[in-house]
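> I'll drop the sequence and a predicted model, then ask my questions.
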Amino acid sequence: HLTTSLPLPSERDHLRPRIDMIVFMIDIKSKYSLKNVEASLAHVDASFFLGKVCFLVTGVGRVNYCSVEMNAIWKLGEVYCSPVLFCELELEGIRVATAQRLLRMLQICAGHIPGFSALSFGTLMRSSADD
């Protein structure tokens, strides 16, 4: 399910499936994109930041057109203890690899990978980023 911002409308709460993972997309060419994500973060329960949130930064192949500071994006990942992934949507191979990575993360967050929890996955992502 996709939405452009949070909170989600409450009138459809009874029809909404369980939310297993939230991917915040940030277009590196749009300051509005980052501001929208920052405003939406206030509407996410703190327990979701334990392995069930990630930030997907798009447009990284066009660094000449950046409107968003990379430090601001890295800081979001640090503050919310969530992984930051980078993707160039215009390149099919990278788009497919990113989609597969997100799908695997979702499987973990939804509990479909025995012996592996979203919390342990989040810890693994943070420790690999520190290397």
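Here it is on my side, so go on.
> where does V23 fall, helix, sheet strand or coil?
Using DSSP: H, G, I helix; E, B strand; the rest coil, the secondary structure recorded for V23 is strand.
> actually H43, not the one I typed
Secondary structure, three-state DSSP: H43 is coil.
> And the helices in this protein?
31-41, 70-79, 92-109, 118-130 (DSSP state H).
> So which of those is nearest M21?
Nearest to M21, of all these, is helix 92-109, at 4.0 Å by Cβ to Cβ. Heads up, the C-betas are built off the backbone N, CA and C, glycines and all.
> Just the C-alpha atoms of the closest one, please, in PDB.
C-alpha atoms of helix 92-109 as PDB (Å, rounded to 0.1, in the frame of the first residue of the first chain):
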ATOM      1  CA  GLU A  92      16.500  -1.300 -14.200                       C
ATOM      2  CA  GLY A  93      19.100  -3.500 -12.700                       C
ATOM      3  CA  ILE A  94      19.400  -1.200  -9.600                       C
ATOM      4  CA  ARG A  95      15.700  -0.900  -9.400                       C
ATOM      5  CA  VAL A  96      15.200  -4.700  -9.500                       C
ATOM      6  CA  ALA A  97      17.900  -5.300  -6.900                       C
ATOM      7  CA  THR A  98      16.500  -2.700  -4.600                       C
ATOM      8  CA  ALA A  99      13.000  -4.100  -4.900                       C
ATOM      9  CA  GLN A 100      14.300  -7.600  -4.100                       C
ATOM     10  CA  ARG A 101      16.200  -6.200  -1.100                       C
ATOM     11  CA  LEU A 102      13.000  -4.400   0.200                       C
ATOM     12  CA  LEU A 103      11.000  -7.600  -0.400                       C
ATOM     13  CA  ARG A 104      13.400  -9.600   1.700                       C
ATOM     14  CA  MET A 105      13.300  -6.900   4.400                       C
ATOM     15  CA  LEU A 106       9.500  -7.100   4.400                       C
ATOM     16  CA  GLN A 107       9.600 -10.900   4.700                       C
ATOM     17  CA  ILE A 108      11.700 -10.500   7.800                       C
ATOM     18  CA  CYS A 109       9.600  -7.700   9.300                       C
END
